[in-house]
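In: got a predicted structure plus its sequence, pasted below:
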Amino acid sequence: MNKSKNLLFVTWDSESTNYLESLFFPIFKGLQEKGGIRVHVMQFSWASQIEVQRLTDLAASLDITYIQHPIHRKPVASIGAFWSIYQGTFYIKRYIQEHQIEILMPRSTMPAMMVNRLWAWLRRQPISLVFDADGFPLEERVDYVGLDPMGRQYRFLKNEEKKILHRSHKVLTRSKRAMEIHLANIGISQRDKFCVVGNGRDSKIFQPDLESRLRIRQELGIMDKDLLWVYTGTVGPQYMVDEMLRLFEKHHLAHPNSKFLILTRNPGYVEERIPSNLQNFVVIKNGAYSEIPFYLSAADLGLSLRKSAPSLAGIAPIKLGEYFLCGLPVIASSGVGDTEEMLKDKDFCFLMDSSGDELFTVRFQEWIGGLTKLDKGKIRDFGMERFSLEKSVESYLVMLNDKKRM
């Protein structure tokens with residue numbers, strides 16, 4: 001790929017997100033360093049000026065150009081959103097012209113709508129269109145928010161998605177299963193444009209740290225022989241918080257000195273669900289993203305659970321990479337993206353039916369009893385092979401350098 005190519009990544013978010021700083025900014029930095037690609041990020045959001053300035057400064061420190069456009073919320077959210085899309089179409093066009101953008105990468109549905117409205121103009125430009133399908137966001141709204149799959153809104157948005165899938169030169173997914181589902185909807189002849197890319201983590205940041213392990217375990221009051229469970233990430237009904245607490249409670253009854261550390265930006269959701277008998281043994285932290293590796297180094301077991309739903313086929317849980325790179329064995333849900341195919345024969349992963357039916361089986365008790373025998377170095381090696389930032393950047397560069405499909 002030519003050294004001078006400019007890539008514009010367009011995304012749409014609420015008032016607070018951390019995936020830009022934790023996932024995409026490191027990947028984009030790698031693309032710039034290893035692929036000679038100049039990355040520009042245009043984010044539509046209703047974040048505060050403090051948050052916008054924080055992201056602007058962080059992007060600048062990585063030599064990434066970041067610009068934010070506010071999403072209107074008045075007179076009502078839906079009208080404000082469509083007005084923002086209308087304006088956004090012009091923002092994108094002007095930015096492409098002013099910055100000689102050669103690769104346009106909209107992420108998910110709303111940016112796709114803006115790009116679709118530019119299609120008559122875009123198709124005459126020397127621009128490669130790469131659509132980041134980002135799992136199945138519309139199906140997630142059906143599964144977890146109650147969007148009517150037969151309703152007008154869903155059908156309208158699904159049609160926009162179908163347009164961008166057909167028009168794009170490349171389509172990015174996070175799992176093979178997602179690619180197969182899209183192809184079943186738009187036709188097998190489109191297969192060559194699909195690429196599975198990774199959600200990688202920096203292995204220099206996420207790694208075992210003995211000093212942090214000793215310090216944090218001392219702070220938490222947990223002995224080396226006792227298990228410290230950990231969960232990091234978003235919380236809500238689909239993340240099986242109640243099931244995780246019940247699972248820990250079962251273990252804690254037999255091992256009363258064990259503790260469960262939960263790292264989340266929404267501590268209130270967890271606090272109101274903790275049983276009274278676990279109040280002193282479930283620790284909730286709402287810290288900076290940069291602190292997560294230290295806490296993971298202190299733990300002995302990571303959890304990555306999701307409620308069963310069709311939309312899970314498109315997901316690649318980022319937290320799996322964080323756990324594995326820190327040498328942690330994992331309890332994970334089956335049926336999530338390519339997770340089951342990847343982990344079904346690994347002794348450092350217990351795959352649980354995402355309905356929770358296997359919470360308290362003898363098989364689980366036997367598995368957790370053997371954790372001390374596992375080789376943490378072997379777990380980290382697997383993480384390096386499948387979930388490192390280097391592997392993720394490589395998957396993007398393979399896609400961008402494949403001239404046959406651009």
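Out: Alright, I've got the coordinates.
In: got a list of contacts for the one helix or strand in the chain whose mean pLDDT sits lowest?
Out: The weakest-scoring helix or strand in the chain, judged by mean pLDDT, DSSP states H and E, is helix 19 (a mean of 85). Helix 19 is contacted by residues residue 318 when judged by CB atoms under 8 Å, 6 or more residues apart in numbering. Backbone N, C-alpha and C define where each C-beta goes, glycine included.
In: what do you get for stretch 216-231?
Out: Under the contact criterion CB under 8 Å, 6+ apart, stretch 216-231 has outside partners 244, 248, 251, 255, 257-264, 283, 294-304, 319, 323, 328, 368, 371.
In: gap between the two ends of it?
Out: 15 Å (CA to CA, to the nearest Å).
In: quick one: mean pLDDT for stretch 34-46?
Out: Averaging pLDDT along stretch 34-46 yields 95.
In: pop out the phi and psi values for the residue located most distally from the centre of the chain.
Out: Using CA atoms, centre = their mean, the residue of the chain lying farthest from its centre is residue 254. It sits 34.1 Å away. For residue 254, the backbone dihedrals (degrees, to the nearest 10) come out as phi -90, psi -20.
In: the closest residue to residue 297 other than its chain neighbours: neighbour count?
Out: Nearest residue to residue 297, sequence neighbours excluded (CB to CB, 6 or more residues apart in numbering): residue 209, at 4.1 Å. Residues within reach of residue 209, counting by other CB atoms under 10 Å, total 17.
In: any idea how far residue 209 is from residue 173?
Out: 33 Å (CB to CB, to the nearest Å).
In: next, name the residue at the spatial heart of the protein.
Out: Closest-to-mean residue, the chain, CA atoms, centre = their mean: residue 318 / 4.9 Å.
In: next, count neighbours for the closest residue to that one other than its chain neighbours.
Out: Spatial nearest neighbour of residue 318, chain neighbours left out: residue 199 (4.7 Å); criterion: CB to CB, 6+ apart. Applying other CB under 10 Å, we find 22 residues neighbouring residue 199.
In: residue 291: neighbour count?
Out: Neighbours of residue 291 (other CB under 10 Å): 13.
In: am I right that it is in a helix?
Out: Yes - under DSSP: H, G, I helix; E, B strand; the rest coil, residue 291 sits within a helix.
In: now it: how far from residue 282?
Out: Counting by CB to CB, the gap between residue 291 and residue 282 amounts to 18 Å.
In: ok, now residue 366?
Out: 24 Å.
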